[in-house]
Structures are given as C-alpha cells and as structure tokens.
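Enquirer: Quick one, what's the 3D model for this:
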Amino acid sequence: MTARGAFVTGGASGIGLAAARRLLTEGWRVAIADHDAAALDRAAAEFADANDRVVRLALDVTDEAAVEAAVVEAAARIGPLKGVVNSAGIAQDKPFGETSAAEFRRILDVNVVGSFLVARAAVKAMAAAGGGAIVNIASISGVRGNLGRTAYGASKGGVITMTQVMAVELARDGIRVNAVAPGPVDTAMVRALHGPERRAAFERRVPLGRYAQPEEIATVIAFLLDEERSSYVTGQILGVDGGFLAAGIMRE
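Expert: Residues are numbered from 1 along each chain as shown. Alright, predicted model coming up:
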C-alpha cells in the first residue's frame, strides 16, 4: 500500500487516541498532536513498536502559528498527508444561565476555531498530495438540545455546518470532508462530566442501552478516511450514537 500520513489532534487520549491506534493497524503513518505532554508520553510508549510510523507533536490547536508549523512538520515526516482527524476538544456540563462568556468563547475557540485552523493548514499539504479526507468530530449535542450543553452544543453545531461548507468548497481539490457525531462515549473526559444520574439518563435514551467505546468511533473514522471504502462520501454528518438521534417513544 502506498504510504499515507494522517494528522490526528487530541490524539493522545479518548477518541483521538483510539483513531490513531486504528489507523496504525491499517498501515497509516500518524502524527499525534495533543496539548497534554504527559498523555503524549503515554501514547508514545504504547506505540513504541510502531515508532517509525508515529510522530508526536505538542500542540495548542488555538495557536495559529503553531498549527501551521505542526502540519508542515508532520507532512515532512509522515507524508504524503492524506488524512486529518480533528478530535481535539473540550466540554462542560453547565446550565445556560450559569455559563460565562469566557467559558463560551474558550469552548468555541478550541472546538470550532481549532478544527478550522488545523483543516486550513492541512488542506495545502493535502492538495499537493493529490487530495485526501478530513474527519471532524461533532456530537449529538450539535444536533439536539441536550441539557447543560449551551457552549458545547453550539460549538459542535458550528463544526457540523463548517464540515458541510468545507466539503462543498474542497471537492474540486479532491478533498472529502465528513463529520462523526458520537453519542455518549466512555472516555475520561465524559466520565468526568457525567455523574451517575446523567449516565443513567443517557443509557435510558440510547436504544442500544450503553455508552460507546472509543474504538467504535475510531472504526467509523478510519472508514471515512479510507479512499477505497468511502471515495464517494463527503459532506455527511454520521451519527455514531447507538440510535440516540433516531429515538422517539422508547420502551421502559
């Protein structure tokens, strides 16, 4: 298989780490970008056997200059750059009336602006490589009015619309853009946010009756990045949510 590189933000934990792991098993070279130095060290230790195919990069996705430099470095070290996974994100569970403007701005800055900056930087390298695919991580909270998700839901709604516009504009460059909208996923970030009551509420509302594992989201990300399996898929928002978005009246 021809060498191909993927740039994964938030790649040292949660969905991003699971995506990096999955892509490595499918033969990709992977740049793992994350702001958490300790998590990067743990990821590097996990992937020691694939060290020649892994690059780790400390990165704040809200830093425009740093993003540009990181993508250039990644393309040089793992290129050609054919895939991007925008998984870096932050969240909070706080009522609308208690959400400060600073909190709102910070979540939009990381989740929306950060994804924009990474994608914009990567498009240059991907176009030079003849095209590729971008997968943005959205959320069911960008589609439904979930309690406590004022800022987070707004940010993921922004990611969804941005994904659709990117798909339309970048198609001429051979770059496909899709988003995955996970339901509740059993990651450290989600465990910190979801207490027993919130977890039970989600489990009641998800038809499959459970949280997803990060690896289940990663499988879909890998599908959307793979030109052989998803060459005619672009501009789509794929709910990987155990049926949450489809649910109406539920059996008790």
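Enquirer: Residue 12 belongs to a strand?
Expert: No - counting by DSSP: H, G, I helix; E, B strand; the rest coil, residue 12 is located in no strand; its state is coil.
Enquirer: what's the distance between it and residue 24?
Expert: 14 Å (Cβ to Cβ, to the nearest Å). From N, CA and C alone the C-beta is placed, and that goes for glycine too.
Enquirer: Between the two, tell me which one has more neighbours.
Expert: residue 12 (27 against 19; other Cβ atoms under 10 Å).
Enquirer: what's near enough to touch residue 113?
Expert: residue 62 (Cβ atoms under 8 Å, 6 or more residues apart in numbering).
Enquirer: what is the mean pLDDT for stretch 61-74?
Expert: Stretch 61-74 shows a mean pLDDT of 98 in the predicted model.
Enquirer: in it, what counts as buried?
Expert: 61, 62, 66, 67, 68, 70, 71, 73, 74 (16 or more other Cβ atoms under 10 Å).
Enquirer: SS state for the closest residue to the first one other than its chain neighbours?
Expert: Ranked by Cβ to Cβ, 6 or more residues apart in numbering and with sequence neighbours excluded, the top spatial neighbour of residue 61 is residue 114, at 3.2 Å. Reducing the assignment at residue 114 to three states with three-state DSSP gives helix.
Enquirer: Per-residue pLDDT of residue 114, please?
Expert: The model's pLDDT for residue 114 equals 98.
Enquirer: what do you get for residue 185?
Expert: Residue 185 carries a pLDDT value of 96.
Enquirer: Against residue 220, how distant is the residue lying closest to it once chain neighbours are set aside?
Expert: Once flanking residues are discounted, residue 185 sits nearest to residue 212: 4.7 Å by Cβ to Cβ, 6+ apart. Applying Cβ to Cβ, the value for residue 212 to residue 220 is 10 Å.
Enquirer: what touches both of these two?
Expert: residue 240.
Enquirer: ok, and for the helix or strand of the chain with the lowest mean pLDDT, which residues are buried?
Expert: In the chain, no helix or strand scores lower on mean pLDDT, DSSP states H and E than helix 188-193, which sits at a mean of 89. Using 16+ other Cβ under 10 Å as the test for burial, helix 188-193 gives 190, 193.
Enquirer: now what about that helix, what contacts it?
Expert: The contact list for helix 188-193 (Cβ under 8 Å, 6+ apart) reads 13, 14, 90, 91, 92, 93, 184, 211.
Enquirer: CA atoms of that helix as PDB?
Expert: What follows is helix 188-193, C-alpha atoms only, in PDB (Å, rounded to 0.1, in the frame of the first residue of the first chain):
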ATOM      1  CA  ALA A 188     -12.000  10.100  30.600                       C
ATOM      2  CA  MET A 189     -13.500  13.500  29.600                       C
ATOM      3  CA  VAL A 190     -17.000  12.100  29.500                       C
ATOM      4  CA  ARG A 191     -16.600  10.200  32.800                       C
ATOM      5  CA  ALA A 192     -15.500  13.500  34.400                       C
ATOM      6  CA  LEU A 193     -18.700  15.200  33.100                       C
END
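Enquirer: Just list the residues touching residue 164, thanks.
Expert: Going by Cβ under 8 Å, 6+ apart, the list of residues near residue 164 reads 235, 237.
Enquirer: so how far is the host helix or strand of it from its chain's centroid?
Expert: Here residue 164 sits within helix 150-170, counting by DSSP states H and E. With Cα atoms, centre = their mean, to the nearest Å as the basis, helix 150-170 stands 12 Å off its chain's centre.
Enquirer: Mind listing what's buried along it?
Expert: 150-160, 162-164, 166-167, 170.
Enquirer: then it to PDB, C-alphas only?
Expert: Only the C-alpha atoms of helix 150-170 are listed here, as PDB (Å, rounded to 0.1, in the frame of the first residue of the first chain):
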ATOM      1  CA  THR A 150     -25.100  25.600  25.700                       C
ATOM      2  CA  ALA A 151     -21.500  26.200  24.700                       C
ATOM      3  CA  TYR A 152     -20.500  22.700  23.800                       C
ATOM      4  CA  GLY A 153     -23.600  22.200  21.700                       C
ATOM      5  CA  ALA A 154     -23.100  25.500  19.900                       C
ATOM      6  CA  SER A 155     -19.500  24.600  19.100                       C
ATOM      7  CA  LYS A 156     -20.500  21.200  17.700                       C
ATOM      8  CA  GLY A 157     -23.300  22.700  15.700                       C
ATOM      9  CA  GLY A 158     -20.700  25.000  14.200                       C
ATOM     10  CA  VAL A 159     -18.400  22.100  13.400                       C
ATOM     11  CA  ILE A 160     -21.300  20.400  11.500                       C
ATOM     12  CA  THR A 161     -22.000  23.500   9.300                       C
ATOM     13  CA  MET A 162     -18.300  24.100   8.800                       C
ATOM     14  CA  THR A 163     -18.000  20.400   7.700                       C
ATOM     15  CA  GLN A 164     -20.700  20.800   5.100                       C
ATOM     16  CA  VAL A 165     -19.200  24.100   3.700                       C
ATOM     17  CA  MET A 166     -15.700  22.600   3.600                       C
ATOM     18  CA  ALA A 167     -17.000  19.500   1.700                       C
ATOM     19  CA  VAL A 168     -18.600  21.700  -1.000                       C
ATOM     20  CA  GLU A 169     -15.600  24.000  -1.400                       C
ATOM     21  CA  LEU A 170     -12.800  21.400  -1.200                       C
END
